[in-house]
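K.L.:
Return a 3D structure for these sequence lines:
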Amino acid sequence: MKYAKIAIILILLITSCTAKKITEFENGIISFRNCPDGGMCNVEQIRDSQISLQEDTTGQMYPKIDKSNTYHLYKLTFTKEVKEDVMDAEYQEVIYFQIEKSKTFRKLNNKALDRAKVIYGRQCHCPGETGFEAILSGSLLFETFRQVTEIHLEIKPDTLPVEMNKALTKVTFHD
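P.N.:
Presented below is the predicted three-dimensional model:
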C-alpha cells in the first residue's frame, strides 16, 4: 500500500512536469530545427483563413489572405539578423500553407502541395530576387496529436533563392 502511494505520487509529478513544458514556450514553439544560422525562425497559425496568390498590375505575385470557414493558415518565417546601422538590410523568408480545420494529418508531395496552397516569399533589398511563388516541388507533413502540431516542410522554389528550404517544428497553438 505504501509503495502504491509513492508510485502514484511519482507518476503525478512526472506527468505534471511534462504537461508544463509544452505550455511554457514562447509562441507555443516546442522545437524548430533547420533554422538557418544568423537568424530567427517562427511559426504561427492564422485561424479561419485561407491564401491565394494574386498578380498585381506589374506582373508581380503577392499573397492574398481571406477569411475561411474551412481552413487555418500557417506561416513559417525566417528573419535574418542584420546590422542596425545598415540601411535596407532587412531580410525575411516566409512560407504559407493552409490545412482544412478538420484534418489532423496531411502528407503531400510535389504537385500535390497545391492542395495546401504552399507559397514561398522572399523579402529583401536584393533586386530581381524578391517576391512570391507557388511551390510545387517538395514535401509537407502536417500532424496534430494531443494539442501538439508537427510540421515537416521541404521546399524547392523554381525562381527565387532560398535559405530556409527545410523546416521541422513542433508547436502548440493556444486558442
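
K.L.:
sec struct for the residue nearest the centre of the chain, please.
P.N.:
The centre of the chain sits closest to Leu76, judged by C-alpha atoms, centre = their mean, with a distance of 3.2 Å. Following DSSP: H, G, I helix; E, B strand; the rest coil, Leu76 is assigned to strand.

K.L.:
I'd guessed it sits against Gln45; true?
P.N.:
No - using C-beta atoms under 8 Å, Leu76 is not in contact with Gln45; the gap is 10.8 Å. All C-beta spots, glycine's among them, are computed from the backbone N, C-alpha and C.

K.L.:
Identify the residues contacting the residue nearest to the residue nearest to the centre of the chain when sequence neighbours are not counted.
P.N.:
Ranked by C-beta to C-beta, 6 or more residues apart in numbering and with sequence neighbours excluded, the top spatial neighbour of Leu76 is Ile95, at 4.5 Å. By C-beta atoms under 8 Å, 6 or more residues apart in numbering, the contact set of Ile95 is Lys75, Leu76, Thr77, Val118, Ile119, Tyr120, Gly121, Ile135, Leu153, Ile155, Met164, Ala167.

K.L.:
Name the residues of stretch 144-157 that come out as buried.
P.N.:
Thr144, Thr149, Glu150, Ile151, His152, Leu153, Glu154, Ile155, Pro157 (16 or more other C-beta atoms under 10 Å).

K.L.:
List the ones among those that fall in helices.
P.N.:
Judged by DSSP state H, helices contain none of the buried residues of stretch 144-157.

K.L.:
In TSV: these, plus pLDDT.
P.N.:
TSV is the format used below for the buried residues of stretch 144-157 (pLDDT from 0 to 100):
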residue	pLDDT
Thr144	94
Thr149	93
Glu150	95
Ile151	96
His152	97
Leu153	97
Glu154	97
Ile155	97
Pro157	96
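
K.L.:
So Ser102, which state does it fall into?
P.N.:
Ser102 ends up coil, using three-state DSSP.

K.L.:
any idea which of the buried residues of stretch 144-157 is the one closest to Gln60?
P.N.:
Pro157 (15.2 Å; C-beta to C-beta).

K.L.:
The closest one contacts Ala134, correct?
P.N.:
No - in this structure Pro157 lies outside contact range of Ala134 using C-beta under 8 Å: 9.3 Å.

K.L.:
For Phe105, give me its contacts.
P.N.:
Counting by C-beta under 8 Å, 6+ apart, Phe105 has contacts Phe142, Glu143, Thr144.

K.L.:
right, and Gln45 touches His72 too?
P.N.:
Yes - counting by C-beta under 8 Å, His72 is a contact partner of Gln45 at 5.6 Å.
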